[in-house]
Structure formats: structure tokens, C-alpha cells
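Engineer: Below are the sequence and a predicted model for it; my questions follow.
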Amino acid sequence: MEMETEKLMLVILTVFLSISATVRTDYVRPQPRKTLEFPWNPKHPSQPQQVHISLAGEKHLQISWVTDDKSAPSIVEYGTSPGKYTLSAEGESTSYSYLFYSSGKIHHTVIGPLEDDTVYFYRCGGQGPEFHLKTPPAQFPVTFAVAGDLGQTGWTKTTLDHIDQCKYDIHLLPGDLSYADYMQHLWDTFGELVQPLASARPWMVTEGNHEKEKILLFMDAFQSYNARWKMPFKESGSTSNLYYSFEVAGVHVIMLGSYTDYDELSDQYSWLKADLSMVDRYKTPWLIVLFHVPWYNSNHAHQGEGDEMMAAMEPLLYAAGVDIVLAGHVHAYERSKRVYKGRSDPCGAVHITVGDGGNREGLAQKFLHPQPEWSLFREASFGHGELKIVNSTHAFWSWHRNDDDEPVRSDEVWITSLLSSGCLAVADKNYGSSRKILMSP
């Protein structure tokens, strides 16, 4: 009954939402795979569901889960041997209502300090099944799996199956998770879909347009996303779950918000400037940034949507020597040269679009011609990326098409860090002067 009510409300809202939504019709998407069906599977009210983990500061992880029982405790028991829980931690909980939908009890519990590169076994709420996780390493090498715009289709399942076959430490997701789009029960099914992977490795996410779910005068934006996918924003000095940073094994990763203010007077801009100015490139030689809407995009889809954010923030990223920028939104894959201000630049970032995780809207197959000088590889296929930071100077990026077996690399490249290239040296006159933007008030 609840699901039917949601569907009815979605129809009622369609006219209203069409007024404020910007829909592009200048490209044609192919037929997608069918949306996955999730048969009703009743569970005990206190059984943990939708379990996922995220980084929560140095040597700490956050365990998140949902229970139907509003009195279930937010306790995690854990240890390094199966069934032997020598440690425990108690966290916090929240819940939310969205029109006629009421969420379960959403638990967030931080555990630690934890040993690096170690397998832990844990259970949530004092009962239910045992899960296991592996903490990230403290030193190189470290490997990130990257896939955005996931959704809940047959293609999504294929992408997740492929990621499950690779050896990685952390999953990076540059926006558009569940594609719930106001249908709140789809947040629940998405949580169940990704649980096998997200309960075993940290998932670090940022928001996309499909997380907004704002209804003027009725619902604030990102209410569901913020309640369910709490990230370590406070640990990085941010005041918003929509942008934050974290460090792991010699890599400083910044997650930005494409759908919150980013101009020079915004909180996000001030926070980014402060965060970049504090990065120690000898401690973290690699600097990576993620956000949803790509700045360098030669696809017809979503052309120009990232221009304003790029105009405001690209000078900061360039001044700080950001190595790699990962984005989603465009449902295709594209990799650039090092680029800045629309032109190849040996001290700019490599921009990679990986919005091809399996969404229900299909692929964006129409690219601009001729191919821009800065664009090296582009293809409209579903897949995922893998970024292995080998050491302080070299990283290996590969993109894996879903139509191939997981070990097949459809695109691959070695990337040299800007720290090792000399771009960060103050002696470089042009680059040194550009760094002044980070020091200005």
C-alpha cells in the first residue's frame, strides 16, 4: 500500500517537477536493461539491513545500517576472528519521513582505532548475521574502484559483479546512487543491492542530481541521502555532508558537491580553499578530486552544465596541483589529457568521466565531432574504473567495459604525479604565481 501511495504521489508531482527540472532532449539514449525486481523478503524487525561502511577519520570506520525496529540498539561488536567480538562501540541513529513514507531506524556507529590492512569480523545491533570488512592499507599501493550513476538495473548488477572480482581497497562513487527519485522504497532496495560489497569495503560517495529529491515548500533537498549515507564531513572541517575530504595511504581525496553553492562567496569554496592549503604533499603525494558534473565533456549530454563550477573552482585545483578529477553524470566514459582552462597543460589534472555504472536512463551515445584536442579516449558503454596508486610517483588507471570479462582493460594509462613532475616546485615561475590564490584571504 505504501508503494502504491508513493507512485500516486509521483504522478501528482510530475507536473510540478517538470516546471523546475531541466531536461535535455538533444541526444538519444538506447534501450536500457530492465530495472531489477526485488521480491518481498520479510525480515525480523531488529535484523540489520542495508549495511555499508565508510571511512571516519584516521584508523576509524563507520558502520551504517537500517532496522525496522525503532528500539534496536546502535551497537557494533567486532574482532579479528570469526564469531569472537572482543571490542564494541555504540553510535547514533536517525530516521526521516518523506511524504507518506517513513524510514526505518538508520544507525551510524564509528569503530576503532583499527589496524591497517586487516580483516575484521562484525555484527550490528547485537544480533543478526556476521559481516566482515578489510581496512585500507597505511602505505602504497592502494587501489580504488570507481563507478558512478549506478541505479538498480541489470547493468548495475553486472557492474557490481565485475567490481567484486577486482582487488580494491575503497569504492569511490561520484554521485547518483539509487535513482530513487522521490520513490523512497528504492533507497531501501539499493541498500540491499550494494550490501555485499559496501559492507566489506568502504564506500565514499558524493551527491548527484538524483539525490536532490527537493519538493518546494514540502521537502528539503538531500534529506534521504544525508540520513542514509553519512560521510566524514565533520572530521575534515566541513559543515555539510555534501562536501568533505579524507586521506588514505598517501592520497588526499576531496569530494565536492555539484548541487550546493560553489561560488567564491560560498561555504564550499571557502572550505575547499582551506582544505587544499593544508594538504601536505610529502605526506600525501597524490591529490584526487571527485564531483558529479564533469567539467571536461565532449558528449552532447549535459554540455556546459559544469562550466560555472569550473570557472569558480578550477583555479583552486590547478594552484594546488590536483592530479586526477573523477566525475559522473554523463552516461558514458571519457578520459582527458592533463588539461586546464580548456587546453592541454602539463600541470593540469587528468579528467575522467565514469558515469556509466548502470543507470536506468541508458547510455549517452552522441559525442561532439571533431573530438576536442584534450580528449584522449571516449566510449558510450557501461563499466567501471580501477585506480591503483602504486607509489608516490606513479598510478595505473584502467577502465573495464561490462561487455568484456573483468580482467580485460578497455582503456589503460600510467599517470605520473604532479609532485614528481616538478609542477609543484615554487621555482616554476608560472605555476608558482598561480599558487598565490590559495594563500590570499
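Structural biologist: Structure received.

Engineer: could you pull out the helices for the stretch 51-200 of the chain?
Structural biologist: Assignment of helices within the stretch 51-200 of the chain using DSSP state H, counting those that start in this stretch yields the ranges 154-165, 185-198.

Engineer: Tell me the bridge partners for residue 89.
Structural biologist: Counting by DSSP bridges, residue 89 forms beta bridges with residue 76.

Engineer: ok now do it, which residues does it touch?
Structural biologist: 75-76, 78, 109-112 (C-beta atoms under 8 Å, 6 or more residues apart in numbering). All C-beta spots, glycine's among them, are computed from the backbone N, C-alpha and C.

Engineer: now residue 397
Structural biologist: Residue 397 makes contacts with 324, 335, 350, 352, 385-388, 412-415, as judged by C-beta under 8 Å, 6+ apart.

Engineer: could those residues go into a markdown table alongside pLDDT?
Structural biologist: As requested, the contacts of residue 397 are exported to a markdown table (pLDDT from 0 to 100):
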| residue | pLDDT |
| --- | --- |
| 324 | 98 |
| 335 | 98 |
| 350 | 98 |
| 352 | 98 |
| 385 | 97 |
| 386 | 98 |
| 387 | 98 |
| 388 | 98 |
| 412 | 97 |
| 413 | 98 |
| 414 | 98 |
| 415 | 98 |
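
Engineer: Which of the residues you listed sits closest to residue 144?
Structural biologist: In terms of C-beta to C-beta, no member of the contacts of residue 397 lies closer to residue 144 than residue 387, at 4.5 Å.

Engineer: out of everything not next to it in sequence, what's closest to the closest one?
Structural biologist: Counting by C-beta to C-beta, 6 or more residues apart in numbering, residue 387 lies nearest to residue 144, which is 4.5 Å off, once chain neighbours are set aside.

Engineer: same thing with residue 437?
Structural biologist: Residue 437 sits nearest to residue 319 (C-beta to C-beta, 6+ apart), 4.8 Å away.

Engineer: ok now the helix or strand hosting that neighbour, how far from the chain's centre?
Structural biologist: Per DSSP states H and E: residue 319 is located in helix 307-320. When distances are taken as C-alpha atoms, centre = their mean, to the nearest Å, helix 307-320 is centred 20 Å away from the chain's centroid.

Engineer: Which elements pack onto that helix?
Structural biologist: helix 267-277, helix 429-434, helix 436-439 (3 or more C-beta pairs under 8 Å, 6 or more residues apart in numbering; DSSP states H and E).

Engineer: Export those helices to JSON lines and append columns for mean pLDDT and distance to residue 182.
Structural biologist: Below are the helices and strands packed on helix 307-320 laid out as JSON lines (pLDDT from 0 to 100; distance: least, C-beta to C-beta, whole Å):
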{"stretch": "helix 267-277", "mean pLDDT": "97", "distance to residue 182": "25"}
{"stretch": "helix 429-434", "mean pLDDT": "54", "distance to residue 182": "43"}
{"stretch": "helix 436-439", "mean pLDDT": "82", "distance to residue 182": "40"}
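
Engineer: Thanks a lot, see you next time.
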